[in-house]
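Asker: I would like to see how this sequence folds:
(2 chains)
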Amino acid sequence: MPTYNLKVNGALHKIEAAADTPLLWVLRDQLALTGTKFGCGIGQCGACTIQINGVPARSCQTPISTVGAMRITTIEGLSPDGSHPLQKAWCHHDVPQCGYCQAGQIMTAAAFLQSNPTPTENEIDSAMAGNLCRCGTYLRIRAAVNEAAKLMQNGGRP
Amino acid sequence: MNASHSPFSRREFLRVTALAGGGFALSSAFPHEGWAEVGQALDDTAKIFTPGPFIKITPEGIITILAKNPETGQGIKTSLPMIIAEELDVDFSTIVIEQAALRKDVGPQFAGGSRSTPDNYLRMRQAGATARAMLIEAAAQIWQVRSTELSTNQGKVIHEASGRSLTYGQLATKAATLPLPAENTVKLKRDDSFRLLGSRVGGVDNPLIVTGRAEFGIDQKLPGLVYAALEKCPVFGGKVVSANLARIKALPGVLDAFVLEGTANINGLLPGVAIIARSTWAAFSAKRQLQIVWDESAATGHSTEAYAGQAVALAAGNGTKIRQEGDVTAALATASKVVTGAYFYPFLNHATLEPQGCTAWAREDGIEFWTTSQTPGSGQELVASTLKIPKDKLKLNLVRAGGGFGRRLANDYLVEAAAIALRTQGAPVKLTWTREDDMRHCFYRPAGFHFLKGAIDAHGRVSAWHNHFVTFGYKNTERPASSASLSPDELPARFIPNFELEQSIISTIVPTGPMRAPGSNGLAFVMQSFIDELAHAAGRDPVAFRLELLGTDRVIPPAQGQRGNPYDVARMKAVIALAAEKSGWGQALPRGQGRGVAFHFSHAGYVALVAEVIVTPDGTLTVRQVTAAVDVGPIINLSGAENQVQGSIIDGISMAWLQEITHDRGRTVQSNFNDYPLLRSTETPAVSVNFIQSKNPPTGLGEPVYPVVPPAICNAIFAATGHRIRKLPISKTDLGWS
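Answerer: You can find the predicted model right below:
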């Protein structure tokens, strides 16, 4: 079985896995990073969203063999202590119901705010349209992304 | 890695057992990091104040409240402890919340029927008030004063006359020596003195959720954990004839593969092929290479088209009379207008975002589970009866679920995990369903057909209502299947003088079961849409017409022999009036834009919605705004309650607009979110939530809003375009207009 050196949340990991293993299952089963969730397995729901070199990616559609030396960031690595403006805003707006999709939502939103620090509400909705929330918390997600954008503009550390 | 025939080496599992040692209980009892040491300190029980199972106060001042019921996203892990904290008089933000396992001393532990709040409200209040009374008594004894001179404030007992105070922690050791007072001597707070209840409190697991540390069912980690997948027959009731087990067992990472024989219980262990592997991906990959010969003989004749044909044929004949009042035939004959409509709603899947699954660990002393079940007590019984293991050998830990919606009222995944765990030679095993498994093996919301006839008399009032309801029976035509029945009390029964309801049953092999507001979630669409048809036929305003239909304020009890809550007409009329007022009902809208109103009473909640939609001439639908008025009595957690209403509305739009499960040759056609869509952020309307906090006992909010959404949307589409939607989902109808 091939071996890979993965750079996850700033740490290097030596992983032995079949080449077609989606990053999702490497993170969850081998690295115990279970914040990244399995929802559909076909890239439809966004629950498994992580960042690869800062770009949101569906970890269920990313074979380990394609990652190479790229930087992988999961929800566990978004901030050292849960103080990313999005994490704060998510708590402030009490966004989650079941909470299962929220890691993927936050990872998408974090990358989005990097590329668009002053979004309109429509731009937020469009950016988040690939992440399903079965409980229907979209209104609070929008409000939280909006608030995080403002926090970051006012000097909140991203 | 070696995938030879004896997958579980003895040495490997001896190691696992040694590592395990039962040391994981602490981590599940104290979800917040850093509490492990505290947990050990708690073993010093003599000093700790534990007046019953719900509250624990240590001399160090750590206050722990037990969350007794399963958390599926309805917010109960936050709201039930809030009720205790209110009476205990503590600062909620300082409390440690502990999720209860299945146990015998906390009352029923289930998440269903919107029952958690009404069933536990008083119990939680008494638990908090009892502890507070004992802490006051402890202070009275220490200070040698009368307890009536003492008060409490946010975790302290205060003697105002002398300016003294002690924290609950300081009083814990003394309070632990006191006898429990008789329940009827403990005084509850006056409702108007609440500080916490009715306020906005964030979910207690939010900090863990936003950092990826909240543990859901699928996230369980145990030493030596192995991973399982299960392939069941795509045809409901199909059995395994043969499978390529030898080839599967030889695949990399696969530890074992075997046929699960299953039982005849549709709610229990179904036949299939189980695969145990060293990772989820190895199990899923092997699953895709399974070649199974199934006995699919049960499938013939079971398809969506065949069911529709049977429904039309049955409706042409006579059904079983469920309710009959007055003379419908005469009223129809003398009507000034007669309206007919054939309505249909499809089968649905709950589609929890976390697929079904369970972690189980069979050891010599029994099986331990980490489960997302909404009915863990029933799950324990199901495993006991299916696998012939005494109930007291089955320990169930309740784990946060990635959505419930009624799917986890069933315990099929639990008994599957148990059966597989018995084959792992002592290793804990995590069973994970694929999304495709989840879509194709469900206890579906049953479809239903309603063939309606209504009469408007010369005064513009509804004088007659006739409904031939064609529903499904599980492998019979005598009894409706689970969640497929229609109460003879269902509105507008009791509100129309000449009323007839008859029922016919199609036999199906499709398993059905409760989904969010079972029964109501299809019926409200039919009843509120047809009332709308009658309003328009009578040339009346749909809001005024509904208020008149409900009539004078009164409380109507259920019919004799019927269960259910009395129907408080005044509460219903109040929410209709409020929804109309807040939505700008009556204000003119341009063509292609319209408002629709609907109301429904279910799960003891009174709900009215006004939806506003825009439909372009080419038929593109936008739901612009939904205004909700809700009376479930006093609100426990305002933030959680608003979230439930917003979520129910968005869920209801998904259901009404997009979702259907169809069947072909005895199997479910849909497989994943590509063909069973959920609403997305870009399609979400503005939502206005308005509560009437009437002085009634508080009731649940997970369900009653959801059924009202489809008719509100469909009635708005009619107002905008003239298209009357009688068949869900809406996406099946071309909404174009000119």
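
Asker: and residue 63, backbone torsions?
Answerer: Went with chain A since none was named. phi -60, psi 140 (degrees, to the nearest 10).

Asker: that's the wrong chain, I meant chain B
Answerer: phi -110, psi 120.

Asker: hang on, isn't it packed against residue B:93?
Answerer: No - contact criterion C-beta atoms under 8 Å: residue B:63 and residue B:93 do not qualify, at 11.3 Å. In short, each C-beta sits where N, CA and C put it, glycine included.

Asker: who has more neighbours, those two?
Answerer: More crowded of residue B:63 and residue B:93, by other C-beta atoms under 10 Å in any protein chain shown: residue B:63, with 24 against 9.

Asker: distance of the one residue in chain A that gets nearest to chain B from residue A:107?
Answerer: Chain B sits closest to residue A:35 of chain A, with a gap of 1.9 Å, by C-beta to the nearest C-beta. With distances taken as C-beta to C-beta, to the nearest Å, residue A:35 is found 9 Å from residue A:107.

Asker: quick one: common contacting residues for these two?
Answerer: Common contact partners of residue A:35 and residue A:107 (C-beta atoms under 8 Å, 6 or more residues apart in numbering or on different chains): A:74-75.

Asker: got the confidence number for the residue of the stretch 401-550 of chain B found nearest chain A?
Answerer: Proximity to chain A, evaluated over the stretch 401-550 of chain B using C-beta to the nearest C-beta, is greatest for residue B:402 at 3.1 Å. With respect to pLDDT, residue B:402 scores 98.

Asker: and residue B:704, what does it touch?
Answerer: Residue B:704 neighbours (C-beta under 8 Å, 6+ apart): B:114, B:517, B:520, B:600-607, B:630, B:632.

Asker: now do the domain split for chain A, please.
Answerer: Domains of chain A are assigned by automatic domain parsing as A:3-77, A:85-153.

Asker: just name the most buried of the ones you listed.
Answerer: Each of the domains of chain A was scored by mean neighbour count; the highest is domain A:85-153, a mean of 23, by mean count of other C-beta atoms under 10 Å in any protein chain shown.

Asker: helix or strand: which one has the residue positioned nearest the centre of chain A?
Answerer: With distances taken as C-alpha atoms, centre = their mean, the residue of chain A nearest its centroid is residue A:107 (2.5 Å). In the assignment (DSSP states H and E), residue A:107 maps to helix A:102-115.

Asker: does that helix come close to chain B?
Answerer: Yes - contact of helix A:102-115 with chain B (C-beta under 8 Å from any C-beta of the partner chain) involves A:102-103, A:106.

Asker: and the residues you listed as CSV, adding pLDDT?
Answerer: Below are the residues of helix A:102-115 next to chain B laid out as CSV (pLDDT from 0 to 100):
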residue, pLDDT
A:102, 98
A:103, 98
A:106, 98
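
Asker: tell me which residues touch residue 74, please.
Answerer: The chain I'm using is chain A. A:8-9, A:27, A:33, A:35-36, A:50, A:103, A:107, B:212.

Asker: chain B was what I was after
Answerer: A:97, B:111, B:116, B:404, B:644, B:700, B:702.

Asker: quick check: closest non-adjacent residue to the residue nearest to the centre of chain A.
Answerer: residue A:49 (4.5 Å; C-beta to C-beta, 6 or more residues apart in numbering or on different chains).

Asker: surely that neighbour touches residue A:104?
Answerer: Yes - if you go by C-beta under 8 Å, residue A:49 and residue A:104 touch, sitting 3.8 Å apart.

Asker: for these two, list the residues in contact with both.
Answerer: A:36, A:131.

Asker: surely residue B:617 is in a helix?
Answerer: No - looking at residue B:617 with DSSP: H, G, I helix; E, B strand; the rest coil, it is coil, so not inside a helix.

Asker: can you list the low-confidence ranges for chain A?
Answerer: A:156-158 (pLDDT under 70).

Asker: now the strands: where do they sit in the stretch 251-400 of chain B?
Answerer: B:254-260, B:272-277, B:292-295, B:320-325, B:337-345, B:357-363, B:366-371, B:394-398 (DSSP state E, counting those that start in this stretch).

Asker: save those strands as JSON lines, and put in mean pLDDT too.
Answerer: Formatted as JSON lines, those follow (pLDDT from 0 to 100):
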{"stretch": "strand B:254-260", "mean pLDDT": "98"}
{"stretch": "strand B:272-277", "mean pLDDT": "98"}
{"stretch": "strand B:292-295", "mean pLDDT": "96"}
{"stretch": "strand B:320-325", "mean pLDDT": "96"}
{"stretch": "strand B:337-345", "mean pLDDT": "98"}
{"stretch": "strand B:357-363", "mean pLDDT": "98"}
{"stretch": "strand B:366-371", "mean pLDDT": "98"}
{"stretch": "strand B:394-398", "mean pLDDT": "98"}
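
Asker: ok, which stretches of chain A are helices?
Answerer: A:23-25, A:85-92, A:102-115, A:121-128, A:138-153 (DSSP state H).

Asker: ok, back up a step: redo the strands of the stretch 251-400 of chain B as CSV? Include mean neighbour count.
Answerer: CSV is the format used below for these (neighbours: other C-beta atoms under 10 Å in any protein chain shown):
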stretch, mean neighbour count
strand B:254-260, 21
strand B:272-277, 26
strand B:292-295, 15
strand B:320-325, 15
strand B:337-345, 17
strand B:357-363, 26
strand B:366-371, 24
strand B:394-398, 22
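
Asker: neighbours of residue B:309, how many?
Answerer: Residues near residue B:309, counting by other C-beta under 10 Å: 12.

Asker: tell me who's in contact with residue B:621.
Answerer: Residue B:621 neighbours (C-beta under 8 Å, 6+ apart): B:613-615, B:657, B:717, B:730, B:735.

Asker: could you report the pLDDT at it?
Answerer: On the pLDDT scale, residue B:621 gets 98.

Asker: using TSV, lay out the domains of chain A together with distance to residue B:171.
Answerer: Shown next, in TSV, are the domains of chain A (distance: least, C-beta to C-beta, whole Å):
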stretch	distance to residue B:171
domain A:3-77	40
domain A:85-153	32
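
Asker: for the residue nearest to the centre of chain A, give me its contacts.
Answerer: A:49-51, A:56, A:73-75, A:78.

Asker: residue in chain B nearest to chain A?
Answerer: For chain B, C-beta to the nearest C-beta, closest residue to chain A: residue B:212, 1.9 Å.

Asker: from memory that residue sits against residue A:35, does it?
Answerer: Yes - Residue B:212 is within contact range of residue A:35, at 1.9 Å (criterion: C-beta under 8 Å).

Asker: just to revisit the earlier point, the residue of chain B closest to chain A: how many residues sit nearby?
Answerer: Residue B:212: 22 neighbours (other C-beta under 10 Å).

Asker: that one is in what secondary structure piece?
Answerer: With DSSP H and E as criterion, residue B:212 is part of no helix or strand.

Asker: swap in residue B:142?
Answerer: Residue B:142 belongs to helix B:116-143, assigned by DSSP H and E.

Asker: do the same with residue B:98
Answerer: Using DSSP H and E, residue B:98 falls in strand B:96-99.

Asker: just residue B:654 next, same as before
Answerer: helix B:638-658.

Asker: what is the mean pLDDT for that helix?
Answerer: On average, helix B:638-658 scores 98.

Asker: list the buried residues in that helix.
Answerer: For helix B:638-658, burial by neighbour count (16 or more other C-beta atoms under 10 Å in any protein chain shown) applies to B:638-658.
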